[in-house]
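*Asks:* Provide a 3D model corresponding to the input given below.
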Amino acid sequence: MATKFERIAGNDSIFLTKEYIADSIIFNSIESARTAPDCKIYSDHKNVIILFANNNPRIWLWTSSAIKDDTNKLIDICRFLRDCNIPKAEIYLKEEVSTSFSDLYALTTLEINYSVKDEFSLAVYIYNKKGEANVPELAEDEEIICVDKNNEAHRKLVTDFYEQLKDEFRWTDKFERKVNEYLNMEFYGLVKNGKMIANAVIGGRTEQYLRIKSVAVLKDERCKGFGYKMCLFALGKIRERDLTPILYTHVGNKSAVALWGKSGFNVKDKLYLLKIENNDD
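*Replies:* Numbers count the residues shown, from 1 in each chain. Model (predicted):
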């Protein structure tokens with residue numbers, strides 16, 4: 001019989017367990033999302049599923065160590081997602097738990113009709129340097145602006161910037177949603193000669209940590225130090241609040257890995273991203 005997941009509050013006692021607290025560094029986003037009013041949280045009293053607003057197919061799944069060797073529990077989770085009428089989902093979980101999913105792929109395809117479309121690992125980086133953060137040096141024709149989402153000129157700069165990156169980012173079918181998602185965060189852009197050529201986005205705050213969501217540079221402007229400038233700027237903004245910077249990046253993204261190392265980040269742990277899709281759609 002499937003375990004029943006019930007709706008819980010963001011202050012549920014499960015978030016006070018030693019295991020969850022130990023993982024809160026890794027799960028910076030789930031830790032901040034659980035107190036957001038537009039997220040729905042469910043639990044079977046061992047595992048936690050957070051669904052983003054409006055059934056956004058991005059899911060943070062925090063699982064206790066007990067799930068690692070329990071395939072039935074993993075199937076329960078997939079059934080729950082199916083019953084929520086989520087045709088596609090991006091599931092984030094601890095990499096150590098992800099090893100259990102090797103037994104789940106065939107079962108989900110046969111019994112639940114989900115299939116795995118993509119999977120990869122994310123490295124979790126934490127900034128550990130002490131002292132004052134470095135300040136980026138800007139040329140005379142460069143400025144860093146704090147983007148105001150209600151400013152039409154700013155929105156155009158951002159839209160034009162991501163128009164040039166949407167194919168690389170695979171945003172073609174979700175362009176407007178992703179742009180608005182980033183505009184609702186703390187957004188800084190490096191503008192040169194009236195054009196945004198690089199940016200840094202900050203979002204996902206907890207009591208101790210604040211995440212650098214993204215640092216991006218236009219293709220023609222790469223390898224010129226602009227990504228490093230934006231990383232330093234974002235670090236300064238976070239550290240002036242006495243918070244610890246944290247970020248996630250694809251383990252195969254060599255240029256990003258090099259940038260984070262140069263900027264003073266160290267790998268803390270790894271996450272696993274699993275993209276599944278319901279074959280009925």
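
*Asks:* immediately after the lowest-mean-pLDDT helix or strand in the chain, which helix or strand?
*Replies:* Within the chain, no helix or strand scores below helix 105-107, which has a mean of 54 by mean pLDDT, DSSP states H and E. Beyond helix 105-107 in the direction of the C-terminus, DSSP states H and E gives the next helix or strand as strand 114-127.

*Asks:* partner strands of that next one, parallel or antiparallel?
*Replies:* Take DSSP bridges as the rule and strand 114-127 pairs in its sheet with strand 244-250 (antiparallel), strand 265-278 (antiparallel).

*Asks:* quick one: average confidence on it?
*Replies:* The average pLDDT for strand 114-127 rounds to 80.

*Asks:* With just CA atoms, put that strand into PDB.
*Replies:* Extracted in PDB, the C-alpha atoms of strand 114-127 (Å, rounded to 0.1, in the frame of the first residue of the first chain):
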ATOM      1  CA  TYR A 114       7.000   8.000 -16.500                       C
ATOM      2  CA  SER A 115      10.300   7.800 -18.300                       C
ATOM      3  CA  VAL A 116      13.700   9.500 -17.600                       C
ATOM      4  CA  LYS A 117      14.600  12.100 -20.200                       C
ATOM      5  CA  ASP A 118      17.800  13.500 -18.800                       C
ATOM      6  CA  GLU A 119      19.900  13.300 -15.700                       C
ATOM      7  CA  PHE A 120      23.100  15.000 -14.500                       C
ATOM      8  CA  SER A 121      24.900  16.100 -11.300                       C
ATOM      9  CA  LEU A 122      25.300  19.500  -9.900                       C
ATOM     10  CA  ALA A 123      28.200  20.600  -7.700                       C
ATOM     11  CA  VAL A 124      27.400  22.700  -4.600                       C
ATOM     12  CA  TYR A 125      29.900  25.500  -4.000                       C
ATOM     13  CA  ILE A 126      30.400  27.500  -0.900                       C
ATOM     14  CA  TYR A 127      32.500  30.600  -0.600                       C
END
